[in-house]
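In: just coords:
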């Protein structure tokens, strides 16, 4: 009898050790970054343009952000989409992908050999694009996808880095078209398609400062600013979890949270517990006759996320988050240009939300000046609005 009891205790201890060991392994796994290889779009420029030929060159970076893990890159290739107001059927696009490792020269035949990126190290990839054909001057935007395979502790994981490069720039010196509003004159400023290559202050210097005067106000849409900051997610990289797949059905079809990927993007930002309890709180407030409780409880990003189709091509293929630290952006604009500034979210329903504004700007003034949405919600490509308050 004593032997049976002792045997039972031993078996119990062994099972407990196995369970605790499995839990420890799982916790250790969850703490590991896996194939944490950061894609950095780098620098891009048109290097030659003549007649029916256009050459574009870029230099992108892959950075191993892990502390102690090596990540291999066995394969890299690229493809591109050209956006234009005319047909692109007669335009050919050749892309050369060239390894630019510090410690190994590229192969002359263009073959990409598997390369090991050590922890906290980086490597570069040069891309040469050769476009040829008629009507190249009508091209508006190049959307390039760099497809690279990562191989490491996380397994064999394909990834894609996106580069959006504008090919047309409007005339910054063109006469402004001022619109008269209740308390101000406003000028929706047309720009090139904004990308990660841009800086908000430089955009303002290029397109706004030629027309601005002392006392004017600059507003920038929250989505264009988020795009400049690179706050985009390819839905392919979003892995909807149990909560996102179930809660998304409870949102209106027009909401950016009505898809599993859109809601998972919010969960990735603020955490599953907050989203779950915001949902329960929102239901409770709805029963008490109060709408919008979920969005108040889930945080600002819940209102700002734009799901697929929410903005201009090619960004309509992405989930766009709200901008990061908009207050710092407007403070910098005022410091470097001398003009007051605000980051706003405006729609065609006369709803104006001021995300951030310099200290001298009353929100009510901005709401009145912008409630007709002078920037538009279609393809106007006017992400900046210059406001000139009336003195009388």
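Out: Good, I have the coordinates. Note that the coordinates shown come from a computational prediction; the quantities given were computed from them, not determined experimentally. Numbering: from 1, shown residues only.

In: how near is residue 80 to residue 314?
Out: As judged by C-beta to C-beta, to the nearest Å, residue 80 and residue 314 stand 11 Å apart. Backbone N, C-alpha and C define where each C-beta goes, glycine included.

In: Spell out which residues are contacts of both of the two.
Out: Common contacts of residue 80 and residue 314, defined by C-beta atoms under 8 Å, 6 or more residues apart in numbering, comprise residue 143.

In: May I see the buried residues of stretch 190-203?
Out: By neighbour count, and taking 16 or more other C-beta atoms under 10 Å as the criterion, the buried residues in stretch 190-203 are 190, 191, 192, 193, 194, 195, 196, 197, 198, 200, 203.

In: An error on my part: the question was meant for stretch 159-173.
Out: 159, 161, 162, 163, 164, 165, 166, 167, 172.

In: what ranges do the strands span in the stretch 1-150 of the chain?
Out: 37-50, 53-64, 71-84, 92-100, 115-117, 122-132, 139-152 (DSSP state E, counting those that start in this stretch).

In: Reformat those strands as CSV; add mean neighbour count, mean pLDDT and distance to residue 293.
Out: Below are these laid out as CSV (neighbours: other C-beta atoms under 10 Å; pLDDT from 0 to 100; distance: least, C-beta to C-beta, whole Å):
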stretch, mean neighbour count, mean pLDDT, distance to residue 293
strand 37-50, 15, 93, 37
strand 53-64, 19, 97, 41
strand 71-84, 17, 96, 40
strand 92-100, 15, 96, 49
strand 115-117, 18, 97, 46
strand 122-132, 18, 97, 45
strand 139-152, 20, 96, 38
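
In: which SS state does residue 239 fall under?
Out: Remark: residue 239 carries the secondary structure label coil [criterion: DSSP: H, G, I helix; E, B strand; the rest coil].

In: That one: how many residues sit nearby?
Out: Residues within reach of residue 239, counting by other C-beta atoms under 10 Å, total 10.

In: One more: residue 258?
Out: Neighbours of residue 258 using other C-beta under 10 Å come to 16.

In: Touching, it and residue 252? I think so.
Out: Yes: using C-beta atoms under 8 Å, residue 258 and residue 252 qualify as a contacting pair, with a distance of 6.4 Å.

In: quick one on the thing from earlier: kindly reformat the strands of the stretch 1-150 of the chain as CSV containing distance to residue 346.
Out: Putting the strands of the stretch 1-150 of the chain into CSV (distance: least, C-beta to C-beta, whole Å) gives the following:
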stretch, distance to residue 346
strand 37-50, 28
strand 53-64, 34
strand 71-84, 25
strand 92-100, 36
strand 115-117, 43
strand 122-132, 36
strand 139-152, 24
